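> 3D, please:
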Amino acid sequence: MRKWAAVLAMTLATTYVASAQDDDVDSYVQAFCGLREADGGAARIYLLSPGLTEVVTAALEKNAAIQAETPDEKPPLGDGVPYQGFQDYAPVCEPGESVVEGDKIIAEVNYAFPDEEGAKATDRLVLVKGEGGVYVIDDIRYGAEGDENTLRTALAGAFSD
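Now for the predicted structure:
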């Protein structure tokens, strides 16, 4: 836990996310990208809204219970929380366009695989203002379009069987 807190503090300090304003969404996306390597992306939980944190925490608890019951089988979240719409690690993770959607900001996260020509992907962070006006992630929309394929729906679907 201390390791996560230290990594988060360092990342936030170096990207100035703690003072994020409407014109500083790129820094927030950069922090999201930077935290993907901390404990396999688990440190991203510190960037989530309280509601999404509850969903992720509940999913991780269900996953742990399943793992305890069937230790020889891979649990639904055996590869971790799906904070992106694909499993592979993309060497490039950077901010894209941002648009205002009501009281939310939809911020693109662009992924690229430089060794594979044309291989790229885009997800979208649904950002809302949290305490103190700092952005928090309330969901992640997978892909460049559409609203149905999201982190929330993926976590619910992981345990629907």
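
> show me the shaky parts of the chain.
For the chain, the stretches flagged by pLDDT under 70 are 1-23, 161.

> let's see that with 50 instead.
Across the chain, the ranges flagged by pLDDT under 50 are 6, 9-22.

> output the lengthiest helix in the chain as PDB, restricted to C-alpha atoms.
In the chain, assigned by DSSP state H, the helix with the most residues is helix 50-69. Presented in PDB, the C-alpha positions along helix 50-69 are these (Å, rounded to 0.1, in the frame of the first residue of the first chain):
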ATOM      1  CA  PRO A  50     -15.900   6.900  -5.300                       C
ATOM      2  CA  GLY A  51     -18.600   5.000  -7.200                       C
ATOM      3  CA  LEU A  52     -16.200   3.400  -9.700                       C
ATOM      4  CA  THR A  53     -13.800   2.600  -6.800                       C
ATOM      5  CA  GLU A  54     -16.700   0.600  -5.200                       C
ATOM      6  CA  VAL A  55     -17.400  -1.300  -8.400                       C
ATOM      7  CA  VAL A  56     -13.700  -2.200  -8.900                       C
ATOM      8  CA  THR A  57     -13.200  -3.100  -5.200                       C
ATOM      9  CA  ALA A  58     -16.300  -5.400  -5.300                       C
ATOM     10  CA  ALA A  59     -15.100  -7.000  -8.500                       C
ATOM     11  CA  LEU A  60     -11.600  -7.700  -7.000                       C
ATOM     12  CA  GLU A  61     -13.200  -9.200  -3.800                       C
ATOM     13  CA  LYS A  62     -15.400 -11.500  -6.000                       C
ATOM     14  CA  ASN A  63     -12.300 -12.400  -8.000                       C
ATOM     15  CA  ALA A  64     -10.400 -13.200  -4.800                       C
ATOM     16  CA  ALA A  65     -13.200 -15.400  -3.600                       C
ATOM     17  CA  ILE A  66     -13.300 -17.300  -6.800                       C
ATOM     18  CA  GLN A  67      -9.500 -17.700  -6.800                       C
ATOM     19  CA  ALA A  68      -9.700 -19.100  -3.300                       C
ATOM     20  CA  GLU A  69     -12.400 -21.600  -4.200                       C
END
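
> which positions in it come out as buried?
Residues 52, 55-56, 59-60, 62-63, 66-67 are the ones in helix 50-69 that count as buried (16 or more other C-beta atoms under 10 Å). For the C-beta atoms, the positions are set from N, CA and C on the backbone; glycine is no exception.
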